[in-house]
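K.L.:
no letters, just coordinates:
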Ligand SMILES: NC(=O)C1=CN([C@@H]2O[C@H](COP(=O)(O)OP(=O)(O)OC[C@H]3O[C@@H](n4cnc5c(N)ncnc54)[C@H](OP(=O)(O)O)[C@@H]3O)[C@@H](O)[C@H]2O)C=CC1
Ligand SMILES: [Cu+2]
């Protein structure tokens with residue numbers, strides 16, 4: 001049905017709005033430079049070209065890397081790129097920033113975006129961006145894009161990490177990078193002056209920042225309840241009645257421990273809200289700052305809730321698998337009975353029960369983790385679907401601002417243009 005496919009879903013209205021949209025889609029004539037030809041540079045060049053920018057890449061050995069870049073991007077020497085571009089990304093490791101000093105005159109008055117990351121968390125400056133600013137005092141350094149991986153740049157900002165944290169001492173330079181960010185489909189987050197660059201550089205180095213406390217909490221609760229339940233259901237019957245319940249350790253005790261942890265974690269989701277409300281009533285105002293510990297706790301409620309949910313899911317899976325274990329036990333006991341009947345009093349069943357319990361608990365754990373993975377990957381899958389195809393209102397279009405730079409009819413490269 002080629003005709004059906006060619007027809008637009010929404011018929012255009014007579015008058016203005018289409019004209020506005022068309023004008024915003026025209027590629028900007030701002031020439032963006034990238035220094036370096038590594039992974040980051042290649043992905044960035046692709047993204048910039050796809051967003052309608054002219055791109056010039058500066059390399060020490062341009063001939064070697066031309067084939068790796070999109071046709072629309074020009075790969076040339078570092079000096080040439082520095083001369084031509086209006087705004088430059090420095091996609092070079094910070095150790096090599098100093099090798100760029102010969103470009104100083106060409107970069108004077110231009111915006112440099114430092115995308116570098118540190119190797120370890122630094123508590124004290126100077127940050128890479130501040131060092132770059134010291135190297136190029138006549139350029140305007142903006143820190144940003146370091147939290148975006150080369151992969152995300154290439155794939156387009158469809159998954160979760162759409163925020164780009166930016167900071168700079170120069171407001172104009174920062175806002176031009178913010179505009180560029182928006183055009184590439186990312187969400188710029190203004191982090192203030194260049195002194196925040198240390199914080200931005202540290203960001204990708206924190207592993208699951210708001211998950212640490214909830215996970216430690218869940219693990220500690222698990223250990224506590226596991227020990228408590230083992231003492232109650234295994235040790236106590238053994239001491240008082242010489243009853244051997246050791247077989248309960250891998251599955252049954254784990255299964256009654258999960259709901260205990262889930263319930264306590266769930267209460268930890270609601271508790272900070274209650275404490276906050278109580279504090280506000282006590283103070284008689286909502287304009288006081290909460291103590292730091294409460295602030296952190298409030299922020300981590302989602303993670304506490306998800307940990308609680310995980311425990312509940314594992315409990316459900318364990319409970320569903322229990323009948324499986326019962327039937328296996330029944331078969332084993334049957335075998336033992338047959339063996340004893342046949343005159344083999346030293347039956348091997350005890351060992352077999354242990355092995356079965358072990359296999360079952362490992363299997364169930366794997367099943368739980370797999371289902372958790374499936375649940376957590378759902379949002380990314382949902383994000384890759386282009387919802388805009390299904391909705392009539394296109395919020396992106398409404399929010400787009402007019403192109404930041406004037407678009408002369410014939411494009412001319414003006415060397416050394418100041419933004
Ligand atoms: N890869 C990623 O996902 C991300 C990377 N970053 C940051 O981007 C920057 C670049 O990373 P990436 O592209 O992965 O690194 P690569 O090692 O892939 O590329 C670095 C590039 O730097 C250029 N370069 C310039 N001068 C030198 C020199 N003296 N010695 C060595 N290389 C030099 C080289 O290009 P040429 O030979 O053409 O001059 C080289 O291709 C880093 O600061 C990194 O922290 C930030 C976020 C994500
Ligand atoms: Cu239950």
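P.N.:
Looks like it came in fine. Quantities reported herein were computed from a predicted structural model and do not represent experimental measurements. Ligands and ions are numbered 1, 2, ... in the order given.
K.L.:
and for residue 173, nearest residue in space, chain neighbours not counted?
P.N.:
Ranked by Cβ to Cβ, 6 or more residues apart in numbering and with sequence neighbours excluded, the top spatial neighbour of residue 173 is residue 140, at 3.7 Å. Heads up, the C-betas are built off the backbone N, CA and C, glycines and all.
K.L.:
and that neighbour, bridged to which residues?
P.N.:
residue 111 (DSSP bridges).
K.L.:
and the particular helix or strand that has residue 47 in it, does that touch ligand 1?
P.N.:
Residue 47 belongs to helix 39-50 when assigned by DSSP states H and E. Yes: under the criterion of Cβ under 6 Å from any ligand atom, ligand 1 is reached by helix 39-50 at 39-41.
K.L.:
now these: which count as buried?
P.N.:
40-41 (16 or more other Cβ atoms under 10 Å).
K.L.:
wait, which of the residues of helix 39-50 next to ligand 1 is closest to residue 297?
P.N.:
residue 40 (36.6 Å; Cβ to Cβ).
K.L.:
in terms of pLDDT, where does the residue lying closest to residue 42 once chain neighbours are set aside sit?
P.N.:
With Cβ to Cβ, 6+ apart as the criterion, residue 42 has its nearest non-adjacent residue at 5.7 Å, and that residue is residue 68. Note on residue 68: pLDDT of 90.
K.L.:
distance check, residue 68 against residue 373.
P.N.:
34 Å (Cβ to Cβ, to the nearest Å).
K.L.:
ok, the closest residue to ligand 1 within the stretch 151-300 of the chain - contacts?
P.N.:
Residue of the stretch 151-300 of the chain nearest ligand 1, by Cβ to the nearest ligand atom: residue 151 (6.6 Å). If a contact means Cβ atoms under 8 Å, 6 or more residues apart in numbering, then residue 151 has residue 43 as its contacts.
K.L.:
that older thread, and the next helix or strand past the helix holding residue 47?
P.N.:
strand 54-59.
K.L.:
one step back: chain center to the helix holding residue 47: distance?
P.N.:
20 Å (Cα atoms, centre = their mean, to the nearest Å).
K.L.:
any regions of the protein where pLDDT drops low?
P.N.:
1-28, 157-161, 207, 325, 344-351, 353, 375-419 (pLDDT under 70).
K.L.:
which parts of it sit against ligand 1?
P.N.:
So far as Cβ under 6 Å from any ligand atom goes, the chain lies against ligand 1 at 36-41, 59-61, 65, 91-94, 96, 99, 115-117, 146, 149-150.
K.L.:
before we move on, back to that, so residue 68 and residue 373 - more neighbours on which side?
P.N.:
residue 68 (15 against 10; other Cβ atoms under 10 Å).
K.L.:
which residues touch stretch 308-321?
P.N.:
Contacts of stretch 308-321 (Cβ under 8 Å, 6+ apart): 218, 222, 251, 254-255, 258-259, 261-263, 265-266, 268-269, 360, 363-365, 367-368, 371-372, 375.
K.L.:
can I have the buried ones of those residues as a PyMOL selection?
P.N.:
The following PyMOL line selects those of the contacts of stretch 308-321 that are buried, judged by 16+ other Cβ under 10 Å:
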select buried, resi 218+222+251+254+255+258+259+261+262+265+266+268+269+360+364+368
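K.L.:
ok so residue 71 is a helix residue?
P.N.:
No: read with DSSP: H, G, I helix; E, B strand; the rest coil, residue 71 is coil and lies in no helix.
K.L.:
just give me the longest helix of the chain.
P.N.:
helix 301-341 (DSSP state H).
K.L.:
give me the neighbour count for whichever residue of the chain sits closest to ligand 1.
P.N.:
Nearest residue of the chain to ligand 1, counting by Cβ to the nearest ligand atom: residue 38, 1.9 Å away. Using other Cβ under 10 Å, residue 38 has 16 neighbouring residues.
K.L.:
my read: it touches residue 89, true?
P.N.:
No: checked against Cβ atoms under 8 Å, the pair residue 38 and residue 89 is beyond contact range at 11.4 Å.
K.L.:
okay, domains of the chain per the record?
P.N.:
21-206, 212-385 (automatic domain parsing).
K.L.:
returning to that earlier point: any idea how far the residue nearest to residue 42 is from residue 182?
P.N.:
Distance from residue 68 to residue 182, by Cβ to Cβ: 27 Å.
K.L.:
next, the residue lying farthest from the centre of the chain: secondary structure please.
P.N.:
For the chain, the largest distance from the centre (Cα atoms, centre = their mean) belongs to residue 343, which lies 63.4 Å off. Three-state assignment for residue 343 (three-state DSSP): coil.
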